[in-house]
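**Student:** Quick one, fold the following:
(one chain, ligands or ions: 2)
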Amino acid sequence: MPSSLAQEIARERRPARGEAVSPDWYVNAWSEAESLGTERVSAFVLILRTRGCYWADLKGCSMCGYAKDTLGRSATPEELSRQLERALRKYRGEPYVKVYTSGSYLDEREVDADSRGRIAAAFSGRARRFLVETLPEFVTEERVRSLRESFAGELEVAQGLESTQPEILDRFVNKVSTPAEYLAAADRLRSWGAHPKGYLLLKPPYLTEGEAIDDTVTSVERASPHFETLSVNPVHIQNGTVVERLFRSGRYRPPWLWSVREVLQRGAAVRGSSRLVSFPTAGGLTRGPHNCGECDRRLLRWIEEGSLDQRFDAALEPDCACRETWSRQRELEPLGGEA
Ligand code: SF4
Ligand SMILES: [Zn+2]
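**Tutor:** Residues are numbered from 1 along each chain as shown. Ligands and ions are numbered 1, 2, ... in the order given. Coordinates of the predicted model:
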């Protein structure tokens, strides 16, 4: 992609000038189903409004529109405190807490060191596991250790690895780091007593459905020795992204839910001891991973239940006539390629 186009899209992703965004309010907070080991639990999810991901300002990843939910400048410690205070009013003692920032919790420009500790400490003694997300370059011993000291429980640190294949990560996802850097950061996290989690992106642009499935299964196999949990994120169309442009011009379809199912079944055989999960965003919608519309809900339920119980049982999966369409489409898709 020409860099001027990438920069133009990066600008589009920012909140529109004059759009009313309060720095005292978090972006969103809700409760969702999760599991800790074999126990089903509720998780409290909080998205803080911060400066956002620095890479999104420069070029950004092809599928990521999270910069829309940012301030466009660093939040002050006082603003972050007010966001936390408001979020705590919604907190009901869920044992699993996930705090996202539309970027990196460990980037000083997004969450300063004091606020980082203060936010974690607010859930200490109340939650059993505290999860944050970051890019690998911010995984330093000092930041991880001080976060562990602030939270008396398990610290889980997630990274958006997306793919272990360097060419796919660099050219199609447009990430700034290499897969090796993500894997090394996961190893560092484990050595400092944190629990590494990796997100894998199913179907970056420019891949056929079949190539995308193979890419994610390969990534599960290669990444599993480094991550305690691998979460498969099928692409959903976010505003102001390269993927959205391709989608609008008819050159991209979000993955089928049948593809998610295949990734989970084949991935389960090669995941080693890591947990393999998928909780698709916008599942069943045109802009999210979807099937024919008739079977989407049933298959989404199978995916979520399998993720919570760690059992992707083929005998329990629903069937539908559109499975044949998906299968035939996969066979025909590569015909436009090599002669
Ligand atoms: S996917 Fe992650 S690294 Fe890429 S632009 Fe979005 S927040 Fe930044
Ligand atoms: Zn169907």
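**Student:** Please make it C-alpha for all contacts and neighbour counts, starting now.
**Tutor:** OK.
**Student:** Spell out which parts of this structure neighbour ligand 1.
**Tutor:** 53, 55-56, 60-61, 64, 102-103, 175 (C-alpha under 6 Å from any ligand atom).
**Student:** In CSV: the residues you listed, plus neighbour count, secondary structure and pLDDT.
**Tutor:** Output for these, formatted as CSV (neighbours: other C-alpha atoms under 10 Å; DSSP: H, G, I helix; E, B strand; the rest coil; pLDDT from 0 to 100):
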residue, neighbour count, secondary structure, pLDDT
53, 23, coil, 96
55, 16, helix, 96
56, 24, helix, 94
60, 26, coil, 95
61, 23, coil, 97
64, 23, coil, 96
102, 25, coil, 93
103, 24, coil, 96
175, 23, coil, 96
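**Student:** Between which two of the residues you listed is the distance greatest?
**Tutor:** Farthest-apart pair in those is 102 and 175; separation 15.0 Å (C-alpha to C-alpha).
**Student:** quick one on the thing from earlier: quick check, nearest of the residues of the chain next to ligand 1 to residue 281?
**Tutor:** residue 64 (13.0 Å).
**Student:** contacting residues around the closest one?
**Tutor:** Neighbouring residues of residue 64 by C-alpha atoms under 8 Å, 6 or more residues apart in numbering: 56, 238, 241.
**Student:** want to throw those residues into a markdown table with distance to residue 199?
**Tutor:** A markdown table is the format used below for these (distance: C-alpha to C-alpha, whole Å):
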| residue | distance to residue 199 |
| --- | --- |
| 56 | 18 |
| 238 | 17 |
| 241 | 19 |
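**Student:** ok, those residues vs residue 40, which is closest?
**Tutor:** residue 238 (29.8 Å).
**Student:** Can you verify my assumption that the closest one contacts residue 61?
**Tutor:** No: using C-alpha atoms under 8 Å, residue 238 is not in contact with residue 61, being 11.2 Å away.
**Student:** can you pull out the strands in the chain?
**Tutor:** The residue ranges that make up the strands of the chain, judged by DSSP state E, are 28-36, 39-47, 96-100, 129-133, 154-162, 195-202, 229-234, 275-277.
**Student:** Out of the ones you listed, the one nearest ligand 2 is which?
**Tutor:** Counting by C-alpha to the ion, ligand 2 lies closest to strand 229-234 out of these; the figure is 17.4 Å.
**Student:** what about the closest one, distance to the chain center?
**Tutor:** Mean C-alpha position of strand 229-234 versus that of the full chain (C-alpha atoms, centre = their mean, to the nearest Å) differs by 7 Å.
**Student:** Now do the contacts for residue 246.
**Tutor:** Residue 246 neighbours (C-alpha under 8 Å, 6+ apart): residue 252.
**Student:** Swap in 10 Å and give it another go.
**Tutor:** By C-alpha atoms under 10 Å, 6 or more residues apart in numbering, the residues touching residue 246 are 205-206, 237, 252-253.
**Student:** shaky segments in the stretch 51-200 of the chain?
**Tutor:** Across the stretch 51-200 of the chain, nothing is flagged by pLDDT under 70.
**Student:** Residue numbers of it in contact with ligand 2?
**Tutor:** The stretch 51-200 of the chain has no residues near ligand 2, with proximity defined as C-alpha under 5 Å from the ion.
**Student:** pretty sure residue 163 contacts residue 204?
**Tutor:** Yes: judged on C-alpha atoms under 10 Å, residue 163 makes contact with residue 204 at a distance of 9.2 Å.
**Student:** list the residues that contact both of those two?
**Tutor:** With contacts taken as C-alpha under 10 Å, 6+ apart, the residues that reach both residue 163 and residue 204 are 169, 173, 212, 215.
**Student:** closest to ligand 1 among these?
**Tutor:** For the shared contacts of residue 163 and residue 204, the minimum distance to ligand 1 (C-alpha to the nearest ligand atom) is 8.0 Å, reached by residue 173.
**Student:** distance of residue 316 from ligand 1?
**Tutor:** 33 Å (C-alpha to the nearest ligand atom, to the nearest Å).
**Student:** leaving aside the residues next to it on the chain, what's closest to that residue?
**Tutor:** residue 302 (7.7 Å; C-alpha to C-alpha, 6 or more residues apart in numbering).
**Student:** now residue 217
**Tutor:** residue 267 (5.2 Å).
**Student:** For the one you found, give me its contacts.
**Tutor:** Per C-alpha under 10 Å, 6+ apart, neighbours of residue 267: 213-214, 216-221, 224, 230, 232, 261, 276-277, 312.
**Student:** Restricted to helices, list those.
**Tutor:** Cross-referencing those against helices under DSSP state H gives 213-214, 216-221, 261.
**Student:** Now mean neighbour count too, for the strands of the chain, in JSON lines please.
**Tutor:** Shown next, in JSON lines, are those (neighbours: other C-alpha atoms under 10 Å):
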{"stretch": "strand 28-36", "mean neighbour count": "15"}
{"stretch": "strand 39-47", "mean neighbour count": "18"}
{"stretch": "strand 96-100", "mean neighbour count": "22"}
{"stretch": "strand 129-133", "mean neighbour count": "22"}
{"stretch": "strand 154-162", "mean neighbour count": "23"}
{"stretch": "strand 195-202", "mean neighbour count": "24"}
{"stretch": "strand 229-234", "mean neighbour count": "24"}
{"stretch": "strand 275-277", "mean neighbour count": "23"}
